[in-house]
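**Student:** Predicted model, plus sequence, below.
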Amino acid sequence: MESYKESFTKYFKYLINGIAFVGSFQCNLLYLANYPEGSRDYVPKPSEHCLPFKEEILTTSDNVKIRLYAIQQENNASKRPTILYFHGNAGNMGHCLPVAERLYNHTRCKCNIVMLSYRGYGFSEGSPSEKGLKIDAQTALDYIKEHEVFQHTKVVVYGQSLGGAVSIDLVSKNEDKVSGLIVENTFLSIPKLVPHVIPPLRHFTFFCTQKWESEKAIQNLKRIPILFLLDGTHVDTVAQPDYFDSIGRFLSKNIIS
């Protein structure tokens, strides 16, 4: 017959394994790194959009190698803003190159662009998690601040959907290092999002291990200007005639001197 100590130890192991399983399951459910099909096998390159670029492999503080594109203006790069771009939940950084192309070429933007594939996305190593993506974001910002050209530029952090949550968290911890924030179609938090996208789970949000508490984090921002882009899906938003003009006006008013 098992002793009390043995029973407790077994129960504790089951509990720990259960918590680990719930966490792993949530990550697999939340982070759509394999969608659309082939997203881990092919990452479009900026050269396909006639953009000059350098591909970097960065090692994060927890020893994960992530991929990054650095797209630098050919003229007066140090005098143009640098946009740190965080993509949405599905796909990889290459799927956002049509937006990067416009940000690079648009008359009122003319930005340098740094964009990455989060861990577990595209050709980046590892598996995605809230903790991990936050580390990836900090690694990318540190790269900009150490870059021979970008370190002299004003940095605007730009996030789409999940990338909006990544951006808000990063800027809330580095407000003194950035000059602006652009957020497109993001969410308040995962617990607040779940009832709308998976209604049967609305009573179980207390199990969420991936929280992304953007609503709380954004309240820490006191100084920098913020542009919110909200209009249907990402495709709908980008397709709006005034989309890049709005970004251009925001940059002209708040960033470009």
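**Tutor:** Nice, I can see it. Residues are numbered from 1 along each chain as shown.
**Student:** Which stretches in the chain count as helices?
**Tutor:** For the chain, applying DSSP state H gives helices covering 4-30, 97-105, 130-146, 162-173, 190-197, 214-217, 234-239, 243-254.
**Student:** buried sites along the third one?
**Tutor:** Of the residues in helix 130-146, 130, 132-141, 143-144 count as buried by neighbour count, 16 or more other C-beta atoms under 10 Å. Where C-beta positions appear, they are placed from N, C-alpha and C, glycine not excepted.
**Student:** Would you format these as a markdown table with distance to residue 247 included?
**Tutor:** Output for the buried residues of helix 130-146, formatted as a markdown table (distance: C-beta to C-beta, whole Å):
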| residue | distance to residue 247 |
| --- | --- |
| 130 | 27 |
| 132 | 29 |
| 133 | 24 |
| 134 | 25 |
| 135 | 27 |
| 136 | 24 |
| 137 | 20 |
| 138 | 24 |
| 139 | 25 |
| 140 | 20 |
| 141 | 20 |
| 143 | 23 |
| 144 | 19 |
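**Student:** Would you mind reformatting the residues you listed (as JSON lines) and adding columns for pLDDT and distance to residue 82 while you're at it?
**Tutor:** Shown next, in JSON lines, are the buried residues of helix 130-146 (pLDDT from 0 to 100; distance: C-beta to C-beta, whole Å):
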{"residue": "130", "pLDDT": "97", "distance to residue 82": "25"}
{"residue": "132", "pLDDT": "98", "distance to residue 82": "24"}
{"residue": "133", "pLDDT": "99", "distance to residue 82": "20"}
{"residue": "134", "pLDDT": "99", "distance to residue 82": "20"}
{"residue": "135", "pLDDT": "99", "distance to residue 82": "20"}
{"residue": "136", "pLDDT": "99", "distance to residue 82": "17"}
{"residue": "137", "pLDDT": "99", "distance to residue 82": "15"}
{"residue": "138", "pLDDT": "99", "distance to residue 82": "16"}
{"residue": "139", "pLDDT": "99", "distance to residue 82": "15"}
{"residue": "140", "pLDDT": "99", "distance to residue 82": "11"}
{"residue": "141", "pLDDT": "99", "distance to residue 82": "10"}
{"residue": "143", "pLDDT": "99", "distance to residue 82": "11"}
{"residue": "144", "pLDDT": "99", "distance to residue 82": "6"}
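**Student:** ok, of those, which one's closest to residue 211?
**Tutor:** residue 130 (6.7 Å; C-beta to C-beta).
**Student:** do you know how far the closest one is from residue 208?
**Tutor:** Applying C-beta to C-beta, to the nearest Å, the value for residue 130 to residue 208 is 10 Å.
**Student:** what does the average pLDDT come to for stretch 156-163?
**Tutor:** Mean pLDDT, stretch 156-163: 97.
**Student:** if we can go back for a sec, out of the helices of the chain, nearest to residue 61?
**Tutor:** Evaluated with C-beta to C-beta, those place helix 130-146 nearest to residue 61, the distance being 5.9 Å.
**Student:** Residues in contact with that closest one: which ones?
**Tutor:** Helix 130-146 is contacted from outside by 56, 58, 60-62, 64, 66, 68, 70, 82, 84, 86, 114, 116, 118-120, 124, 126, 150-151, 155, 157, 162, 166-167, 169-170, 173-174, 177-178, 209-212, using C-beta atoms under 8 Å, 6 or more residues apart in numbering.
**Student:** Looking at these, which are in strands?
**Tutor:** 56, 58, 66, 68, 70, 82, 84, 86, 114, 116, 155, 157 (DSSP state E).
**Student:** out of these, who's nearest residue 185?
**Tutor:** Out of these, the member with the shortest distance to residue 185 (by C-beta to C-beta) is residue 86, at 12.6 Å.
**Student:** Residue 117 and residue 163: what is the separation?
**Tutor:** Residue 117 sits at a distance of 11 Å from residue 163 (criterion: C-beta to C-beta).
**Student:** My guess is residue 98 contacts residue 50. True?
**Tutor:** No. Residue 98 is not in contact with residue 50 according to C-beta atoms under 8 Å; the separation is 12.0 Å.
**Student:** residues contacting residue 219?
**Tutor:** Contacts for residue 219 (C-beta under 8 Å, 6+ apart) come out as none.
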